[in-house]
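Participant: attaching a predicted model along with its sequence, questions to come.
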Amino acid sequence: MGKFFAVVLVLVAMLSAYPIIANYFPLPVDISTHGHLIDSQLHDTMLEAGIAFIGAQLVLAYFLFAFTGRKPDAPLKNFPGGAKTMVIAAFLIVGTEVLALGAFGQKAWATVYFVPPKADALQIQAQAEQFAFYFRYPGPDGKFGAIHPDKIDEGNQNYFGLDPANEVEARDDIVSGELVIPVNREVNLMMHAKDFGHSFYVRELRIQQDFVPGLDLAIHFTATQIGKFEIVCTQLCGLGHYNMKAYLNVKSQDDYDKWLKEQSQ
Amino acid sequence: MASTVTPIVPGSADLSSRNNRLAVPFVGSSSADRASRSGIWVGIFAITMSFAAFTSALFVRQGTPDWAHLVMPSVLYLNTLFLLASSITLEISRRSLTAATIIESDHARRAKIWLLATFVLGTAFCVGQYMAWQQLRAAGFYLATNPNSSFFYVLTFIHVLHVLLGVAAIVYLLGRLMASHSTFRRSLFENTAVYWHFIGVLWVYLFLLCLVKL
Amino acid sequence: MHETSAQQVVHAPPQGFWRKYVFSLDHKVIGKQYYALALVAVFTGMFLSWLMRIHMVWPTAKIVGLELLSKNGAPGGVMTPEYYLSLLTMHGTLMVFFVLTNAPFAAFGNYFLPIQIGAEDMAFPRFNMMSFWTTFLAWVVLMLAFVIPDGPPIAGWTEYTPLSAVGRDAGPGMQWGASLWGISIAIFCIASLLGALNFIATTLDLRAKGMTLMRMPLCTWAWFITSCIALLAFAVLLPACILLILDRHAGTSFFIPGGLVASDRLQPHSGGSPLLWQHLFWFFGHPEVYIAILPSMGIVSHILINSMRKPLLSAKVVIYSMLSIGFLSYMVWGHHMFVSGMNPLSSLTFSFPTLTITIPATILTLIWLGSLYGARIQLTSASLFAIGFISMFVSGGISGFFLAQPSLDIYLHGTYFVVGHFHMVMGVASLFGVFAGTYFWFPKMTGRYMNETIGKVHFWFTFIGTYLIFMPMHYLGLIGNVRRYQSFVNDYMAPYLWLHKDMTIAALITGAAQFLFLFNLIYSRFWGAPAPENPWNGTSLEWSVSSPPPWNNFGDRHPIVYHDPYQYGVKGSKGDFVMQDSPEVLASGD
């Protein structure tokens, strides 16, 4: 049975690694400026993890193959170097690989979180609620009207609780169910949660950030390709969580301007 | 009374009740005693961790704009005195018991009296805490009135629950000390004392926390 | 550390049905009671996972009989989206608390820790009994959520606020279901604290003569370290649950900020912090997963040594590694919150200890692997699961390496990559430790062997089956398959639904194989072949007493320990091993 176990382990290692090596589950196209950092980090990690994974399973397989079913008087041997070898190996392998990836590999994190948005980034507000995303543009005056939770009226499509009657800034605000943005232009998305925790996740943008009720959060990104991409909620928010999505619609600058003008009418 | 009075030597393993006397065994290093001492310290550690969690919740919560200021009900100062005094009375009781070799001796009688005093003071503390809550309610501060009052009620209530546990232990000890046909394990007394002093120290910490932060 | 004298105060021999089998003070009975509770919980949890997996693949299908479980949740047998989340929440809660904290730790630890250190019972037998029955009460309260009309809560076992805190307006299941959850877990915390206290005091003070800390078997060490972790972790979860219950029922605002509009109603709370709940919860939650895995690491080490007739390369290094894991486990909780809105600098700060914890985990793995070299491995059901644990721990642990990096977590958070990771380490590896322990210790606990053939069949189905279920989850995570979805309606998921179907089939088959284990347990209990005192030729103290042990473990004698429990591969009067309480002097000196 030891030999059989060894064979199974080899199969497990190979069959697990194969879909990755053959790229059966490719990452979605990267339409962001920082995504390549994540992708290369993922690639490096996968390589090292893959070697460790396959290595460990194969070593286990070999030891099972060689050291099961032995005679009762077969001599016992100790791995050369004993525990000391293992401790040193662990520190070396893990220390270098892990800390290298950990220390030097967080460029993507830094780009997303520590580099502030450009001064001329497009300011758009996103609101997450059970079970939809809505987006608000400041309109020609460049200012957002205040959110009045007591004025929120889903039936009349006043998702943000705006008060155009009393507030000038709110009058020209554009509300959309789609996040429409121009290509190659940095967007600063200000995130507001209406009721519970939600999350903003666009695979192709390589971006994910929770909406936290009570916290003013913002993320910024630049889309580099025109097209429609799904925005999905990744923070459990209730029964409609699975269906909570919107579209990121990246247009050319001209098309975007046209769209914005249409919305203002 | 035909029988002679034979003092029971500390350290002897004879735990039988002879001549209608209670045996007050010397606190030996039996593993059970050591285990209960470890147990009480481990328990104290866990309780400390819980209040540390409450404290960190308080610190996070105080950063929000709706943080108000709560005036401490005046009876709290008296309650603090009661609780600290009860630690003193408990200590006196404990030391008297250490000196006691026969349960009818002066030392043992003193131990019982001071233990009773501890019970009275501990109960007075609990009653006083209840009165503190009444004072707060009279001033219009309920559990959900503002975050400060929320924390005050939560911290003091959870603390009182632990005090009541201690009071229960003291009642039990009193009962055992007064009974005449049973053995008495000193380790329970020692551990109750450790616990009781901890509850007092904890209260001082909580009171200061409330004074400064709430 | 000094050893104790022989004077121990224990309870009287049990008399009568209630004292013997129900309100027993005997740690062995209590250990079995925990095991039985875990068994009920794991089959319930597995059943729930079947329902979930079937529904995920066939969301509109009628599941025969489901309407009996819940009229509202599955009208006509078709599961509603909210009921899927209810089942998900209960699955997670049952498995993490009532299976993974109970079985490897409370059940086996209670049964074997006192025996392995040479004690007659736990330090506080009455507290021990209370711990179990309090845990049972917690379980009853949790299960009540199934029978109330509104159903179980839908916020996941993590019960993030404000979803879990506002009450009815959050949706179905969030009225009394969530409250029952909070009360149940609070009760569970108290039970666990009592249990941990018992383990710690017992280990420190009730060791037999000659049983120094370093001579304790590795599983004893694992239980001891786990109980230290549990003490701190549950001490923090309890306040969190109390505050949550207050927010739900007393109108406080610990976790609920102002201005929330849910179900068209402006919520009356203000100023609270949802992140506070996450911090408190994960400060408990991360150590909790180490509470789930450490005992299994200890059990696997213990069984491996016995099965390969050879000590590990260094028991001391294993002990120090487990200690470091325990220590580091308290510094990493923020890695569950990388994209939570927490300060991004904190995320980097949490990432470092998370990556560092890989070091002791790797040391352990390398030692297990390296110890197999040159051994005489005997394959039994128990050792198969112990060796299988190594494979599973590697697989599950390596995916953690991805998630520990905040940059990658941006993409992988909330996807099936995470689900695959934690199922492999907790749901499989940790459970393999429980299976291994069961096969290994069943003869000691019952005086009968389990059937080895059925055991081996159980192993192969489970080993291959769990790989088939959980390895694909990592691939799905890589393409962005979001978790906690009751069905997959995203455009990009369409090409991958076939994989979910395969996983479901694998889950049903692997789950069915677990009934082989259940059958084996029950059958062997009554009709298994009789087992002697030391069926596996083991060295630790549990093998020096009868199978099953007498009520006070060692009868009238007080064991004296002369060696560590790793005297395998040496010439002794019993063969190639020397027992811990044998005064035989070895050439090497110990």
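Facilitator: Right, received. Where do you want to start?

Participant: so where's chain A shaky on pLDDT?
Facilitator: Low-confidence segments of chain A (pLDDT under 70): A:104.

Participant: note down every partner strand of whichever strand or helix holds residue A:125 and its orientation.
Facilitator: Element membership for residue A:125 (DSSP states H and E) is strand A:122-129. When pairing is defined by DSSP bridges, strand A:122-129 lines up against strand A:132-137 (antiparallel), strand A:186-193 (parallel).

Participant: can I get those in TSV with distance to residue B:72?
Facilitator: C-beta: built from backbone N, CA, C; applies to glycine. TSV is the format used below for those (distance: least, Cβ to Cβ, whole Å):
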stretch	distance to residue B:72
strand A:132-137	46
strand A:186-193	36
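
Participant: out of the ones you listed, which comes closest to residue A:73?
Facilitator: In terms of Cβ to Cβ, the element of these nearest to residue A:73 is strand A:186-193, at 69.8 Å.

Participant: just after that closest one, pick out the following helix or strand.
Facilitator: Using DSSP H and E, the helix or strand that follows strand A:186-193 in sequence is strand A:198-202.

Participant: on that earlier part again, can you list the strands paired with strand A:122-129 in CSV and add mean neighbour count?
Facilitator: Formatted as CSV, those follow (neighbours: other Cβ atoms under 10 Å in any protein chain shown):
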stretch, mean neighbour count
strand A:132-137, 22
strand A:186-193, 20
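
Participant: give me the three-state assignment for residue C:154.
Facilitator: Of the three states, residue C:154 takes coil under DSSP: H, G, I helix; E, B strand; the rest coil.

Participant: returning to that earlier point: and the strand holding residue A:125, how far out from the chain middle?
Facilitator: Distance of strand A:122-129 from the chain centroid (Cα atoms, centre = their mean, to the nearest Å) equals 18 Å.

Participant: so stretch C:287-303, near chain A or not?
Facilitator: No. Judged by Cβ under 8 Å from any Cβ of the partner chain, stretch C:287-303 stays clear of chain A, getting no closer than 13.0 Å.

Participant: kindly apply the preceding question to stretch B:40-60 instead.
Facilitator: No. Applying Cβ under 8 Å from any Cβ, one finds stretch B:40-60 separated from chain A by no less than 12.0 Å.

Participant: buried residues in that stretch?
Facilitator: Judged by neighbour count (16 or more other Cβ atoms under 10 Å in any protein chain shown), stretch B:40-60 contains these buried residues: B:40-51, B:53-58, B:60.

Participant: ok, stretch A:157-174 next?
Facilitator: By neighbour count on 16+ other Cβ under 10 Å, the buried set for stretch A:157-174 is A:158-163, A:169-170, A:172-174.

Participant: name the surrounding residues that touch it.
Facilitator: With Cβ atoms under 8 Å, 6 or more residues apart in numbering or on different chains as the test, stretch A:157-174 has contacts from A:125, A:127, A:129, A:134, A:136-141, A:143-153, A:175, A:194, A:260, A:263-264, C:261.

Participant: do the same with stretch C:350-361
Facilitator: The contact list for stretch C:350-361 (Cβ under 8 Å, 6+ apart) reads A:90-91, A:94-95, A:98-99, A:101-102, A:106, C:320-322, C:324-325, C:328-329, C:331-335, C:337-338, C:393, C:397, C:400-401, C:404-406.

Participant: next one: it to chain centre, how far?
Facilitator: Distance, centroid of stretch C:350-361 to centroid of chain: 21 Å (Cα atoms, centre = their mean).

Participant: and it, C-alpha only, in PDB?
Facilitator: Output of stretch C:350-361 as PDB, limited to C-alpha atoms (Å, rounded to 0.1, in the frame of the first residue of the first chain):
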ATOM      1  CA  PHE C 350       0.000  42.400   9.500                       C
ATOM      2  CA  SER C 351       1.500  40.800   6.400                       C
ATOM      3  CA  PHE C 352       4.900  40.400   7.900                       C
ATOM      4  CA  PRO C 353       4.100  38.100  10.900                       C
ATOM      5  CA  THR C 354       1.700  36.300   8.600                       C
ATOM      6  CA  LEU C 355       4.500  35.500   6.300                       C
ATOM      7  CA  THR C 356       6.800  34.800   9.200                       C
ATOM      8  CA  ILE C 357       4.500  32.200  10.600                       C
ATOM      9  CA  THR C 358       5.300  30.200   7.500                       C
ATOM     10  CA  ILE C 359       8.700  29.500   9.100                       C
ATOM     11  CA  PRO C 360       7.600  27.400  12.000                       C
ATOM     12  CA  ALA C 361       5.000  25.700   9.800                       C
END
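
Participant: show me where the stretch 101-250 of chain A has strands.
Facilitator: With DSSP state E, counting those that start in this stretch as the criterion, the stretch 101-250 of chain A has strands at A:122-129, A:132-137, A:174-176, A:179-182, A:186-193, A:198-202, A:207-211, A:217-222, A:227-232, A:245-251.

Participant: mind listing what the shortest one pairs with, with the direction of each?
Facilitator: In the sheet, strand A:174-176 lines up against strand A:132-137 (antiparallel) (DSSP bridges).

Participant: measure how the strand it pairs with sits relative to strand A:227-232, angle-wise.
Facilitator: Put simply, strand A:132-137 runs at 130 degrees to strand A:227-232, going by axes from the mean of the first three to the mean of the last three Cα atoms, to 10 degrees.

Participant: not counting strand A:132-137 itself, show me its contacts.
Facilitator: Strand A:132-137 has contacts (Cβ under 8 Å, 6+ apart) with A:124-127, A:144, A:159-160, A:173-180, A:198, A:200, A:231, A:233, A:244-246, A:260, A:263.

Participant: setting aside sequence neighbours, what's the nearest residue to whichever residue of chain B sits closest to chain A?
Facilitator: For chain B and chain A, the shortest gap (Cβ to the nearest Cβ) falls at residue B:64, measuring 8.3 Å. Nearest residue to residue B:64, sequence neighbours excluded (Cβ to Cβ, 6 or more residues apart in numbering or on different chains): residue C:271, at 4.3 Å.
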